[in-house]
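**Q** mind folding the following:
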Amino acid sequence: MPIEFACRGCEKVLRVPDDAAGKNAKCPQCGAVVPVPTANAAFPTINVEPTSAFPQAPPLPPSTPVGGNPFGAYVAPSTDNPFQAPAIDVGSPFTRAGLPSSWHPADLGSRFVGAMIDGLLNLGAAMPAMIMVFLAIANERNGGIDDASFMVGFYGLLIFGMLVLGAFQWYYIVRDGQTLGKKLAGTRIILLSGELPGFGAGVALRAWVPMVIGFVPCIGPLFNLINLIMIFPDPHRMLHDMIAGTIVVNASYDPRVRNVTF
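**A** Numbering: from 1, shown residues only. Purely as a prediction, here's the structure:
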């Protein structure tokens, strides 16, 4: 089996018979005299331990959430790898909207509970008028009642009940940014500036204007549908919130104590 080895002068690969091992050979290209190695020493095998040649990097520390929010974006730990792509904190939809994270937007469950309680209160305010309807039906069987008297009594009780409940609701919205339902659900209405909405934004724009739009033929039903759908995307601002420039947050944020951090 021929022996192959490299010339020390010109690096040309030389091939000689195996019986020339241990002798000298002359390179035909550069003329240098090169000792012929043995068959095993021509191209010695080098065993490289992977762990010594390529040491393993130490384990990376766990990723940490941004701002202490376990449900927010995660930032990869810093490493010495110059080829690592930079980590970008995309934040939550609430912080991307430019709103302070300390506000804690109200979740869908709290919004639903607050709306359900306010709806039950409205039903209770209308209950005297509904009782009058049942009494009118009973009197109809006993000879009937005057239609004009019934209409005056019915709408009078209905408007009176709604105004009494509304007065309580408007008072607490102006004072605390909360309806009675939102108080029990632990949520609060605030302006995007972080202040309480007051009567203008909290009642007139947020409640009365959407109610008027809801009575407009064709437009009203579509407005109400879109208004309901808008509660699902973050940060859960509905159309009436956009009209009034408000947002519903956790009641732990109280503008009166200025506990906002940007």
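**Q** for the stretch 1-150 of the chain, what are the low-confidence residue spans?
**A** 1, 39-98, 140-147 (pLDDT under 70).
**Q** and the strands in it?
**A** 3-6, 13-16, 24-26, 33-35, 64-65, 74-75 (DSSP state E, counting those that start in this stretch).
**Q** which one of the ones you listed lies closest to Gly114?
**A** Relative to Gly114, the nearest member of the strands of the stretch 1-150 of the chain by C-beta to C-beta is strand 64-65, separated by 28.2 Å. Heads up, the C-betas are built off the backbone N, CA and C, glycines and all.
**Q** buried deepest among the strands of the stretch 1-150 of the chain, which one?
**A** strand 3-6 (a mean of 17; mean count of other C-beta atoms under 10 Å).
**Q** need the CA coordinates for that strand. PDB is fine.
**A** The C-alpha coordinates for strand 3-6 follow below in PDB (Å, rounded to 0.1, in the frame of the first residue of the first chain):
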ATOM      1  CA  ILE A   3       2.500   5.900   1.600                       C
ATOM      2  CA  GLU A   4       1.300   9.500   1.000                       C
ATOM      3  CA  PHE A   5       2.900  12.400   2.800                       C
ATOM      4  CA  ALA A   6       3.400  16.200   2.200                       C
END
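**Q** report all helices and strands that it contacts.
**A** strand 13-16 (3 or more C-beta pairs under 8 Å, 6 or more residues apart in numbering; DSSP states H and E).
**Q** contacting residues around the strand it packs on?
**A** 2-7, 25, 27, 34, 36 (C-beta atoms under 8 Å, 6 or more residues apart in numbering).
**Q** distance to Ile159 added to the strands of the stretch 1-150 of the chain, as JSON lines?
**A** Converted to JSON lines, those look like this (distance: least, C-beta to C-beta, whole Å):
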{"stretch": "strand 3-6", "distance to Ile159": "107"}
{"stretch": "strand 13-16", "distance to Ile159": "107"}
{"stretch": "strand 24-26", "distance to Ile159": "118"}
{"stretch": "strand 33-35", "distance to Ile159": "115"}
{"stretch": "strand 64-65", "distance to Ile159": "52"}
{"stretch": "strand 74-75", "distance to Ile159": "55"}
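**Q** noted, bye for now.
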